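K.L.:
Next come a sequence and a model predicted from it.
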Amino acid sequence: MPVFFSTLIDIFIYLYMDKFFINGGNKLFGEIKMDCAKNAVLPILAGSILVEGVVCLKDVPIYKDVLSMIEILKNLGADVKWVGKNLYIDSFNICKNEISHQLASPVRSSIFTLGPILSRLGKAKVAYPGGCNIGLRPIDIHLFGLRELGCNINEKNGYIYAQKSKRKANAVSLRFPSVGATENIMMFACLFDGETKIYNPAKEPEIVDLAKFLNKCGAKIKGAGSDLIVINGVKKLNGVDYKPIYDRIECGTFLIAGAMTGGEIVLKNCNYNHNQVLIEKLKKSGCKIFCDKNKIALKSSKNLASYGTVETEVYPGFPTDLQSQMVSLATICKGTSFIFENLFESRFNFVGELIKMGCDIKCKSSVCIVNGKNKIFGADVVATDLRGGASLILAGLVAEGYTTISNIELVDRGYFAIENKLSTLGADIKRI
Ligand code: UD1
């Protein structure tokens, strides 16, 4: 169990306090460390299904989504335990190939287990995944890829029934570089006899990290992060110790918090390359940013200006997971900012809550037009999704007066004890 908590009861009490209370107006100052990336840990947990041995993941934060994935792995027959901050997964005895609706629905990454279960056990019955309510989020590309390789797949009553069969093709060409589909197909192919090529794969740093983890276990994956991934099937994967990459979205969220509060912060455990497009936008707004090895230092400006336009794209473009936070930033930058969401159909649900705080925002289908104001005000607001919830916290930090944010279990899905890190930097925020 992570050292932050002394008993399991502590974790439950903590996770069931479901509101943040923020007294806005404090500047953020100081230095903090970023955690491992949720979006790296989740597919690696799915990947550990392929491993006949013990995987030790180092320094894993208790994201709520990680807890959901642990339940799924345990239900399949894996032995999973925390020792301090490290998570041990022993998948040797995995024997069950079914994931119920109840287990699959809290988390999008439940679908990442489809490829690994099929690969390891030959058959799978997996319920449709859940996750944040930010759009339709179909899984057709996942299923297309597995079918192309020869799997028989039927969809019935909310479940995907899949069976491994003889290889049909050596290459899969994705119509869109979906992160989850790339991960699913890559994991399936690790133990599939022969060579598999994935054309037009996603190139996100978390894909590269998953390939690095699987290769450390003995897989043969080349090209992750490029336009073509080539996987040569091996007979077996072995247990390893592994430390997932740091969270570029957490890093981005804190950089925006530093900028919005007029602060001066240093973030440790960051990769500058993973946040380059965000950094360019923050500089355009007037922040000074210095990067050194694994540190990013930000000094904000008294007169933040509009960063112009942000358009979400697949990596290395602007990440959709930082879109909501950029809307918050725009609400206090002088001038008009335009935010285009190109990946998910309904990722502006949080905007109505920002409007309750006095923000001037207009939304038209996939674009949000924000006129910056000198002041926004505290209000009682509700988190609508993980990153939308983060954007409300950012607004609360600079709002005049008090803000309460409810539904924060959505924020806990992908930020670990965010209020503690913000308090360390001087914010007046607590969980109630
Ligand atoms: C992952 C991340 C999520 C991030 C997203 C995009 C995890 C656990 N989640 O989600 O935080 O916002 O990447 O960077 O890693 N699509 C289809 N068919 C499919 C799959 C996807 O049409 O079969 C579409 C989606 O509807 C969406 C787009 O492709 O419009 C991107 O989705 P995808 O890259 O698959 O995101 P996720 O893997 O779900």
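P.N.:
Sure thing, it's come through. Residues are numbered from 1 along each chain as shown.
K.L.:
Give me the distance from stretch 396-413 to the chain's centre.
P.N.:
Here the centre of stretch 396-413 is set off from its chain's centre by 19 Å, with C-alpha atoms, centre = their mean, to the nearest Å.
K.L.:
That one: end-to-end distance?
P.N.:
End-to-end distance for stretch 396-413, by C-alpha to C-alpha, to the nearest Å: 19 Å.
K.L.:
For it, which residues meet the burial criterion?
P.N.:
396-399, 403-413 (16 or more other C-beta atoms under 10 Å). (Glycine included, C-beta is placed from N, CA and C.)
K.L.:
what does stretch 317-331 give?
P.N.:
In stretch 317-331, counting by 16+ other C-beta under 10 Å, buried: 318-331.
K.L.:
does residue 177 count as helix, strand or coil?
P.N.:
coil (DSSP: H, G, I helix; E, B strand; the rest coil).
K.L.:
what stretches of the stretch 1-150 of the chain score poorly on pLDDT?
P.N.:
Under the criterion pLDDT under 70, the flagged ranges of the stretch 1-150 of the chain are 1-17.
K.L.:
show me where pLDDT drops low in the stretch 151-300 of the chain?
P.N.:
In the stretch 151-300 of the chain there are no weaker segments when pLDDT under 70 is taken as the threshold.
K.L.:
Can you name the residue of it nearest to the ligand?
P.N.:
Nearest residue of the stretch 151-300 of the chain to the ligand: residue 180, at 2.8 Å (C-beta to the nearest ligand atom).
K.L.:
and the ligand, which of the buried residues of stretch 317-331 reach it?
P.N.:
320, 321 (C-beta under 6 Å from any ligand atom).
K.L.:
quick one: which of the buried residues of stretch 317-331 sit in helices?
P.N.:
Assigned to helices by DSSP state H, the following of the buried residues of stretch 317-331 qualify: 323, 324, 325, 326, 327, 328, 329, 330.
K.L.:
How about the second one: what's its closest non-neighbour residue?
P.N.:
Looking back up the chat, that one is residue 324. residue 391 (3.8 Å; C-beta to C-beta, 6 or more residues apart in numbering).
K.L.:
which residues does that neighbour contact?
P.N.:
Taking C-beta atoms under 8 Å, 6 or more residues apart in numbering as the criterion, residue 391 is in contact with 324, 325, 327, 328, 350, 354.
K.L.:
can you check residue 113 too?
P.N.:
46, 49, 72, 76, 99, 124, 126.
K.L.:
can you redo these as a markdown table with distance to residue 259, secondary structure and neighbour count?
P.N.:
Below are the contacts of residue 113 laid out as a markdown table (distance: C-beta to C-beta, whole Å; DSSP: H, G, I helix; E, B strand; the rest coil; neighbours: other C-beta atoms under 10 Å):
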| residue | distance to residue 259 | secondary structure | neighbour count |
| --- | --- | --- | --- |
| 46 | 35 | helix | 25 |
| 49 | 40 | helix | 26 |
| 72 | 37 | helix | 25 |
| 76 | 43 | helix | 22 |
| 99 | 41 | strand | 25 |
| 124 | 45 | strand | 25 |
| 126 | 41 | strand | 25 |
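K.L.:
Pipe these into CSV and attach distance to residue 106 per row.
P.N.:
Shown next, in CSV, are the contacts of residue 113 (distance: C-beta to C-beta, whole Å):
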residue, distance to residue 106
46, 15
49, 18
72, 9
76, 16
99, 11
124, 19
126, 14
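K.L.:
Nearest to the ligand among these?
P.N.:
residue 46 (9.7 Å).
K.L.:
which residues touch that closest one?
P.N.:
69, 109, 112, 113, 115, 116, 183, 187.
K.L.:
So which of those would count as near the ligand as well?
P.N.:
residue 109.
K.L.:
And the contacts of residue 46, which is closest to the ligand?
P.N.:
Of the contacts of residue 46, the one sitting nearest to the ligand (C-beta to the nearest ligand atom) turns out to be residue 109, at 4.6 Å.
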